[in-house]
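S.K.: mind folding the following:
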Amino acid sequence: MNYIFLDNGFEEIEAITTIDLLRRANVALTTVSVTGLEMVLGAHNIAVKADALFQDVDFSDADMLILPGGATNLYACKPLCELLVQHNQQDKLIAAICAAPSVLGRLGVLEGKQATCYPGFEEFLGESYIDGLVVESKNIITAKGPGLSADFAFCIIEKLATSEVADQVYDAAQY
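M.R.: Model prediction:
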């Protein structure tokens, strides 16, 4: 199972594009609210009903953890931070886009890896920062911002399914 985490203020295009394309690829994905409420309000006032609440999920089956941008408050969710660190220690996959790689940088998850982020958040990535669009480094996938949401999602699909499946979804989406 794969999980994407939603907090109030998340970037809708980054979350919804990723959710949509992964589900088109038949990648198992659960949306998880870290707010304690099922309804999560995005940065542009689009409300999304999460599949589950963080406190109700057993993440032991997690293959990939995904962080959309905009929700810089994800760092304030200590149980999520602990989960990210443990997941990384097991060399399991983590993906983050836009401002969300700053959470990984602040947790030390990016040490010895390369990553990118939205302009203005580079300091949180430290020596890991490179000026790329979508960056894969070891078990981490990062992307620069909203305009790269589809590229980010296709990179994830290639990791969780196959490049053939990614190509099929890519073609069907007319991307």
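S.K.: what segments of the chain are strands?
M.R.: Assignment of strands within the chain using DSSP state E yields the ranges 2-6, 29-33, 39-41, 47-49, 52-53, 64-67, 93-97, 134-137, 140-143.
S.K.: any idea how far Cys77 lies from Tyr170?
M.R.: Separation of Cys77 from Tyr170 (Cβ to Cβ, to the nearest Å) stands at 33 Å. The C-beta positions use only the backbone N, C-alpha and C, and glycine is treated the same way.
S.K.: buried set for the helix or strand of the chain with the lowest mean pLDDT?
M.R.: In the chain, the helix or strand scored least confidently by mean pLDDT, DSSP states H and E is helix 163-172, which has a mean of 94. Within helix 163-172, the residues that qualify as buried are Val165, Ala166, Val169, Tyr170, counting by 16 or more other Cβ atoms under 10 Å.
S.K.: what of stretch 19-30?
M.R.: Ile19, Asp20, Leu21, Leu22, Arg24, Ala25, Val27, Leu29, Thr30.
S.K.: thinking the third one is in contact with Val169, fair?
M.R.: Yes - Leu21 sits in contact with Val169 when judged by Cβ atoms under 8 Å, with a separation of 6.0 Å.
S.K.: which residues are common contacts for these two?
M.R.: Both Leu21 and Val169 are contacted by Phe154, Ile157, under the criterion Cβ atoms under 8 Å, 6 or more residues apart in numbering.
S.K.: so what's Thr142 up against?
M.R.: Ala95, Ala96, Ile97, Pro101, Leu104, Ala115, Thr116, Cys117, Val134, Val135.
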